[in-house]
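>>> this one's structure only:
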């Protein structure tokens, strides 16, 4: 049989052949990975997978999915930060909460890799996974660009099985939260078949769970082994950059579970650190009782006096152990621009914050005073003892995405360990 030679490809303009055009036309259509929240129909029209945000007051808002598609319930809160969504989403203090970003455009610089540093801590995140229950934004950027970006925000949330919606009126949501306080909410995706269910299952109060136990380590870990200052750190949801900030200041950090006893370990320690964490501080009664035992022992001389430094939830736990009370803020303080007044020197600093509860400073017993206060709502932002080296801050002096105006508190903790048994409030005048 004579061989038939195939006709040469017909040359087209710009050096492109008809064969290459045919190959391109017949190639399978690839679904853009950043476009997880959509599907392509046979007519090439784009159809978006939608979800509904339902608030406990009955408000319903339709949005477009760009994360994992599964119904979820939680407490809806907002943050005013303009940058740093990888750090915020992995902050254990957001455990169980549905986070509204007030900045309108999110996702434009993607998500970095999951590498770890020389300490074994995540380089670019505050924990090893996304902690929020869901993410709610006004506009999601399907195209991301950054030298360190390894994937889109949509891909990351889908991998982490975290629902997310965009196209929502985040200003309306923020106003509702400011007026009514943090609301219970849920995200619903329409199913092909919906079975009836009791109304009690529609909304949940995440603050009735011991969220701290969910995010704490279950066994001891040591960072910066061999460093000069030996610090016992209670992990109630500690952020990676807090550990890093301590190790960088020559601390050997022994990370302990949230309910670990402290009194028996004091002899070999130079100081105690109380970490940030999620939820209602009254849920960690074991931690508060263990801390009260330590405070009482140091006060009566049965235990050696050691400096204590608390951040965020650590401020509330220290106050509760001292005998004060806490209360739930109407909508919390979350973001990177909270003004805080140093009551010792009158200086005002801008701080990053993430908390929904506050310490009632008026209920502090004798010997304790307020150290910082919030200039927006006058809530307590830190306390100190007048004769013992014990102090705390409600804000985050270590925040990776900044600002870092209050990082001097770490130096003061180091100074306190260097002057064990003495206290000098001059440390705070310089801040």
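Thanks, I have it. Note that the structure is a prediction, hence the values are computed from the model and not measured. Residues are numbered from 1 along each chain as shown.

>>> does residue 88 count as helix, strand or coil?
Per DSSP: H, G, I helix; E, B strand; the rest coil, the local secondary structure of residue 88 is helix.

>>> Surely residue 282 is in a strand?
No: counting by three-state DSSP, residue 282 falls outside a strand, being helix.

>>> OK, contacts around it?
Residues counted as contacts of residue 282 (C-beta atoms under 8 Å, 6 or more residues apart in numbering) are 320, 326. (C-beta placed from N, C-alpha, C; glycine too.)

>>> distance between the ends of stretch 220-238?
End-to-end span of stretch 220-238 (C-alpha to C-alpha, to the nearest Å): 13 Å.

>>> May I see the buried residues of that stretch?
For stretch 220-238, a neighbour-count test (16 or more other C-beta atoms under 10 Å) marks 223-224, 227, 229-238 as buried.

>>> do the same with stretch 298-305
298, 303, 305.

>>> circling back to that earlier point, ok, of the buried residues of stretch 220-238, which one's closest to residue 359?
The nearest member of the buried residues of stretch 220-238 to residue 359, counting by C-beta to C-beta, is residue 236 at 15.1 Å.

>>> what's near enough to touch the closest residue to that closest one other than its chain neighbours?
Spatially, and ignoring its direct neighbours in sequence, residue 236 is nearest to residue 277 (3.2 Å; C-beta to C-beta, 6 or more residues apart in numbering). Shown in contact with residue 277 (C-beta under 8 Å, 6+ apart): 92-93, 211-212, 215-216, 236-238, 258, 284, 312-313.

>>> how about 6 Å then?
Residues near residue 277 by C-beta atoms under 6 Å, 6 or more residues apart in numbering: 212, 236, 237, 313.

>>> Now go through the buried residues of stretch 220-238 and say which are in strands.
Within the buried residues of stretch 220-238, residues falling in strands by DSSP state E are 223, 229, 230, 231, 232, 233, 234, 235.

>>> Who is the fifth one paired with across the strands?
Going back to what we said before, that points to residue 232. residue 254, residue 272 (DSSP bridges).

>>> That one against residue 273, yeah?
No: using C-beta atoms under 6 Å, residue 232 makes no contact with residue 273, being 7.0 Å away.

>>> mind checking pLDDT for the residue lying closest to residue 206 once chain neighbours are set aside?
In space, residue 206 comes closest to residue 96 once its chain neighbours are excluded; the distance is 3.4 Å by C-beta to C-beta, 6+ apart. With respect to pLDDT, residue 96 has a value of 92.

>>> do residue 49 as well
84.

>>> separation between the residue nearest to it when sequence neighbours are not counted and residue 329?
Closest residue to residue 49 apart from its sequence neighbours, by C-beta to C-beta, 6+ apart: residue 65 at 4.6 Å. Relative to residue 329, residue 65 is positioned 30 Å away (C-beta to C-beta, to the nearest Å).
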